[in-house]
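K.L.:
Predicted model, plus sequence, below.
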Amino acid sequence: MSVIRRYMRAAFLLGGLAVLLLTAGCRYTKTPADLLMAPRPMPTNTALAAALKNILPLRAKLAVVTHEAANASILEFDGDGDGTKEAFVVFADETGTQHAMVLEQSAGSWRQRVTFAESSAYGVDVLRAEDLDRDGVPELMIGWNQFGEPQHILTLYHLSPDPRDISPPKPIAELPYDTMGIGDGNGDGSPEIGLINLQGIKMTATIGMYQFRGDNVSKIASAGLDGSVNGYIQVKLGKLAPGKFGIVTDAAIGSNSSTSTMLVWNAGKLIQVFPPPTSGDENVQTNANAVLSGDGNGDGMLEVHKLREAPGQSEGVPYSDLLWIEEYKQWNGSDDFAVVGSRYTDAASAYAIQIPPSWSEYTFRRPLVGGRSDIALDAYNETTGAREEILTVHVVPIGDWGSQEGKLQDEDSRYLELGRGSGLVYYAVWHDKLPDEQEQTGTSVQGTFPPDEAEMKRLFKQLQ
């Protein structure tokens, strides 16, 4: 399931402990009852399941943590710095109030260690640990949901490393927020917390950067953001350019669009560098579909991700059916942004095709025959309009793959299975046969167009 849909919509899978330990789908903050599920043992976690069955209060149900990567109700990580993972369990009692409990493992069994005194009738947004001041002791963070604005309260704790200490840890700090992120936002080598507060009625928004030192949290910088958006999807802190650090935010606007902002840390302040601080319509930077910024090319620096229309699409195509190419725009640390990578993404079928910077004169289109998730890659000359079909990526249910592959073999088609996941098979079919000389050598040069089998295998990515 795509990250964007997990953040943008918010629906929770109903299921048992087996599902929760793996994933819980997308989140949808509807009512606390939507987040609840009864525990059910699974063979590989029988000890934990048995412990929960005995420890959880009568009629308690597990509840999903909405904004963690696993989207689960049970998270395992080292919360006290002793080198051993604890199990953090979120559950709702018979009144619907949600609690967080810590279990620790000893001699192959799990026992309850502590239940936090804080609770929420609206659920838990985040639950994680991070050594914010690099002193070897992690700070435990729980984002408790609440009614109204802001939507959450981030509470910081220190969990005692002494397993005999069963008293609930006291909050170190409580910080209101709507959207949060953690990363090195000022280049000091330690992670900071970025918190956005959005006041929808007043249409104002601010972001604060917080630093943790000596059991104290302090706001070291803040800046205004666009308060007219529907909501902020994510906050990322990190390196923006060589020697430059800061924050990138993505916000939802309209029915399915997004906009991004980049702020650089400069002399103790957060200064906006994207969109460029100019006046007029040129300052409007909107993506037709929601995209999330990040480190797309893997060089350790955050980019702003923007959509451009794939060239050569027919006139009169409905706006909702247009195809888009996602570009990674990286700041040069001064006054310009350069495209350092791009990809085509199908969020519905959870796959992407990375586009090498060396490619030119290409485009994507919907094939004449195929499903909504199929995509054709063409050679295309924007000046002349000349087009040549290269290949088509198809997506079929795994149950149909056997017959489909048999048909491809009967037709002596040039094809390659690209991957499998979530009950789907992804495969590519080339329009032409492989050239004789390349078939004999079996060699492939990365970045060349059109791509061969080895290159397509490298460029194709399944999205989680």
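P.N.:
Yep, that arrived.

K.L.:
For residue 363, give the beta-bridge partners.
P.N.:
Applying DSSP bridges to residue 363 gives these bridge partners: residue 378.

K.L.:
same check, this time on residue 394
P.N.:
Residues in beta-bridge contact with residue 394 (DSSP bridges): residue 427.

K.L.:
who touches it in this structure?
P.N.:
Residues in contact with residue 394 (Cβ atoms under 8 Å, 6 or more residues apart in numbering) are 370-371, 374, 404, 426-429. Glycine gets a C-beta too; all of them are placed from N, C-alpha and C.

K.L.:
mind checking which helix or strand residue 48 is in?
P.N.:
According to DSSP states H and E, residue 48 maps onto helix 46-55.

K.L.:
Equivalent analysis for residue 345, please.
P.N.:
strand 337-346.

K.L.:
Residue 457 looks like it's in a strand, true?
P.N.:
No: under DSSP: H, G, I helix; E, B strand; the rest coil, residue 457 sits outside any strand and is assigned helix.

K.L.:
Look up how far residue 409 lies from it.
P.N.:
Distance, residue 457 to residue 409, by Cβ to Cβ, to the nearest Å: 19 Å.

K.L.:
ok, those two, which is more surrounded?
P.N.:
For residue 457 versus residue 409, the count of surrounding residues by other Cβ atoms under 10 Å is larger for residue 457: 15 against 10.

K.L.:
Contact partners for the more buried one?
P.N.:
Per Cβ under 8 Å, 6+ apart, neighbours of residue 457: 416, 418.

K.L.:
What of residue 169?
P.N.:
114, 116, 140, 157-160.

K.L.:
Same question for residue 120.
P.N.:
Applying Cβ under 8 Å, 6+ apart, the residues near residue 120 are 97-98, 144-146.

K.L.:
what's the closest non-adjacent residue to it?
P.N.:
Spatial nearest neighbour of residue 120, excluding adjacent residues (Cβ to Cβ, 6 or more residues apart in numbering): residue 144 at 4.3 Å.

K.L.:
what's the neighbour count on the one you found?
P.N.:
22.

K.L.:
repeat for residue 76
P.N.:
Counted with other Cβ under 10 Å, residue 76 comes out at 16.

K.L.:
How about the secondary structure of it?
P.N.:
Residue 76 ends up strand, using three-state DSSP.

K.L.:
now do the one 5 residues further on
P.N.:
Assigned state for residue 81: coil (three-state reduction, three-state DSSP).

K.L.:
which ones are touching the residue lying closest to residue 131 once chain neighbours are set aside?
P.N.:
The shortest distance from residue 131 to any residue other than its chain neighbours is 4.9 Å, reached at residue 138 (Cβ to Cβ, 6+ apart). Counting by Cβ under 8 Å, 6+ apart, residue 138 touches 78-81, 129-131, 159.

K.L.:
quick check, nearest of those residues to residue 195?
P.N.:
Nearest to residue 195, judged by Cβ to Cβ, of the contacts of residue 138 is residue 130 at 14.1 Å.

K.L.:
Wait, the closest one touches residue 141, no?
P.N.:
Yes: shown here, residue 130 and residue 141 form a contact pair, counting by Cβ atoms under 8 Å, at 6.8 Å.

K.L.:
quick one: which of these two has more around it?
P.N.:
Of the pair residue 130 and residue 141, residue 141 is the one with more neighbours under other Cβ under 10 Å, namely 23 against 17.

K.L.:
partners of that one in the sheet?
P.N.:
With DSSP bridges as the rule, residue 141 is bridged to residue 128, residue 156.

K.L.:
From residue 181, how far off is it?
P.N.:
Taking Cβ to Cβ, one finds residue 141 at 12 Å from residue 181.

K.L.:
Then residue 75?
P.N.:
For residue 75 relative to residue 181 (Cβ to Cβ), the value is 18 Å.

K.L.:
what's the answer for residue 371, then?
P.N.:
Taken as Cβ to Cβ, the span from residue 371 to residue 181 is 36 Å.

K.L.:
Please say which of these two ends up with more neighbours.
P.N.:
Neighbour comparison, residue 371 and residue 181: the larger count goes to residue 181, with 23 against 11 (by other Cβ under 10 Å).

K.L.:
Just the buried residues out of the contacts of residue 138, in ChimeraX syntax.
P.N.:
In ChimeraX syntax, the buried subset of those is picked out as below (16 or more other Cβ atoms under 10 Å):
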select :79,80,81,129,130,159
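
K.L.:
And the contacts of residue 138, which is closest to residue 361?
P.N.:
Distances from residue 361 to those, taken by Cβ to Cβ, are shortest for residue 130, at 45.9 Å.

K.L.:
ok, back up a step: pull out the buried residues from the contacts of residue 394.
P.N.:
Here, 16+ other Cβ under 10 Å leaves 370, 374, 404, 426-429 buried among these.

K.L.:
Save the residues you listed as CSV, and put in distance to residue 59 and pLDDT too.
P.N.:
Compiled in CSV, the buried ones among the contacts of residue 394 are given as follows (distance: Cβ to Cβ, whole Å; pLDDT from 0 to 100):
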residue, distance to residue 59, pLDDT
370, 50, 86
374, 48, 97
404, 48, 96
426, 44, 98
427, 48, 98
428, 52, 98
429, 54, 98
